[in-house]
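1. need a structure here:
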Amino acid sequence: MSKSLHKAEIRYLPLEKAILVVVQATRKLPHYFQVHTVIVLTQLLLRSILRSADYTGRIAKWGTILCAFDIKYMPRTAVKGQILTDLVAEFAEPSLEEEGGMRSMDEKSIGEISLQGPTCWKVYVDGATNQRNSRVGLVLISFEGITIEKSLRLGFSATNNEAEYEALLEGMSMVEKLGGKSVNIFSDSRLIVGQVNGELEARDERMQEYIDQAKCLQSRFDSFSLLHISRSGNTHADSLAMLATSSAQCLPRVILLEDLHRPSVVKMEVIHVHSVRMGPSWMDPLILFLKEDALPEEKSEADKIRRKASQFWLSEDLKLYKRSFSGPYLLCVHPDATKLILEELHEGINRSHTGGRSLSHRAITQGYWWPNMQKEAYEYVKKCNQCQRFAPNIHQPGGILNPLSSPWPFAQWGLDIIGPFPKAVGNKRNLLVGTDYFTK
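-> Modelled structure (predicted):
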C-alpha cells in the first residue's frame, strides 16, 4: 500500500498537488463552496494556470470542476513576526548593567559618527507598513538640544522600503526648512543607507527615483551623513511610527501629527487618451474580471464570463486580446471601430472589394477580432455601392417559383420534340410543339 501511494505521489508535480488540494476541498466541503465566495491564499500561479487554454489532461479536468465555484486566488501577505518581538521588548525591563552598557555604546557610536561643529542636527527616521496603512516616525534633535517629534500617516499604499525613504526625505526637508546646514541622519534600514551612500545598487525604478530625490536634497546641505544604527538604538522613532507613546526623555518637545497624501516622488505615467464616444461594450466585463477578478451579480452572467475568460488575455496597457489556435493573439476591437477597419480593408489603400467571407478572414490575418465579424462583413459588402454596381449579373431567380394551379378542371398541356431537321439559321435542328389537350 505504501509503495503504491509513493508511486502515485511521484506522478504529480508540486503545482498539480496544490490544485488537487483545492479540488479535494470542494469535494469535502461542497456546502461552503456552493454558498460562499472562497478565497485561496497562495503564492502559486493557480489562477493563471486554471484559466489558460494551453493545458490538457488532469489540469484541464480540475479547471472545469473549479470554475463551477466562486473561488478567488489572492497572494499570501507577509507574516509580521517582528510584532511579537516588539511586544516582548516593550514589556521587558532591562537590567541596570544592560541599560548602562547600551547607553555607553550608543553615546560612543554617536560620538564617533557625529560631525564637528555645534550646529549639527541629528535626525532619527523610521517607517512601518502594515495591512491597514503606512506610517512614518521622525525624531529631530537640534544643536541646542531641543527634540521635535513627528508622526506621519501615509495616505497612499507603500512598501516598507518606500516608507523608509519617505521618512528620510521628510526628515531632510524638515531640517532644511528649519535652517539646518549640517545633519546626521540615522536609520535602521541597511538597504536605504547602502543605496543612498552608493554601496548598494537600486534595480527597481521606484527606488532609483527615491535615490535621485535624496541626492537632490543632499546637495543643499553643507555637510550630510546617513548612518545605520541598530533597531534597539532607534526605538524612539520606531515608537512614533507605530503610534505608541513617546519615549521617556525629560526634554522639551513638540509632537506634530500630519497626513501625507502624496508620495515625495511622483512618477510621470503615460496617460492613454480614449475616445469619449466609446460607450460600454462586450469587452468591459471581461476586462474587469481579468483585471480585478470582479464578476457580475447575476449567476448566469458570472458563469459565462468565467468560462470565456480563459480564451482572452489582458495586457499591461489594458488591451484585450483573443487567444488564437495557430497564430498570434488577436486584438479585440470595440464595436464602434469595426466599421472603420472593414472600410480600410475593403475600400482603403489596398482595396480589393472581396466578399464577406474573404473580408472577415483578412481582418483576422491583420490581427483583429470581434464577435459576429463574419456576419458584419457580409452586411458591409452588401452595402458597398461599387460591389453592387459592377458585380456580375445574377440570372438566378430571387425567390422560389410557385407554379399556378389549373384554371379549370381537366386542363392539361403536352410538349413534344420533333426532329432532328436539317440545320437552319442559328443552328436550329429541333422543333418544340405544345398541345392543349382540352381545346386541341
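2. residue 394 in helix, strand or coil?
-> Here residue 394 is recorded as coil under DSSP: H, G, I helix; E, B strand; the rest coil.
3. now do it against residue 375, distance only.
-> 21 Å (C-beta to C-beta, to the nearest Å). In this view, the C-beta of every residue, glycine as well, is placed from N, C-alpha and C.
4. and residue 219, by the same measure?
-> 66 Å.
5. the more surrounded of those two?
-> residue 375 (11 against 7; other C-beta atoms under 10 Å).
6. buried residues, the helix or strand that the more buried one is a member of. List them.
-> Element membership for residue 375 (DSSP states H and E) is helix 373-382. The neighbour-count check on helix 373-382 (16 or more other C-beta atoms under 10 Å) flags 373, 376, 377, 380, 381 as buried.
7. which secondary structure elements does whichever helix or strand comes after it contact?
-> Next helix or strand after helix 373-382 toward the C-terminus (DSSP H and E): helix 385-389. Contact partners of helix 385-389 among helices and strands, from 3 or more C-beta pairs under 8 Å, 6 or more residues apart in numbering; DSSP states H and E: none.
8. ok, then the element right after helix 385-389?
-> Criterion used, DSSP H and E; the element after helix 385-389 is strand 413-418.
9. ok, and what's touching that following strand?
-> Residues outside strand 413-418 that contact it (C-beta atoms under 8 Å, 6 or more residues apart in numbering) are 430, 431, 432, 433, 434, 435, 436, 437.
10. using PDB, write out every CA atom in that strand.
-> The C-alpha atoms that make up strand 413-418 are tabulated as PDB, following Å, rounded to 0.1, in the frame of the first residue of the first chain:
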ATOM      1  CA  TRP A 413     -50.700  20.700 -71.700                       C
ATOM      2  CA  GLY A 414     -48.400  18.400 -73.600                       C
ATOM      3  CA  LEU A 415     -44.900  19.200 -75.000                       C
ATOM      4  CA  ASP A 416     -43.300  17.200 -77.900                       C
ATOM      5  CA  ILE A 417     -39.900  17.500 -79.500                       C
ATOM      6  CA  ILE A 418     -39.900  17.000 -83.300                       C
END
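11. what's the mean pLDDT across that strand?
-> Averaged across strand 413-418, the pLDDT comes to 84.
12. partners of that strand in the sheet?
-> If you go by DSSP bridges, strand 413-418 pairs up with strand 431-436 (antiparallel).
13. starting at the chain centroid, how far to the partner strand?
-> 81 Å (C-alpha atoms, centre = their mean, to the nearest Å).
14. please list the outside residues in contact with it.
-> With contact meaning C-beta under 8 Å, 6+ apart, strand 431-436 is reached by 411, 412, 413, 414, 415, 416, 417, 418, 419, 421.
15. now do the SS call for the most centrally placed residue in the chain.
-> By C-alpha atoms, centre = their mean, the chain has its centre lying nearest to residue 291, at 4.8 Å. At residue 291 the chain is in helix, as set by three-state DSSP.
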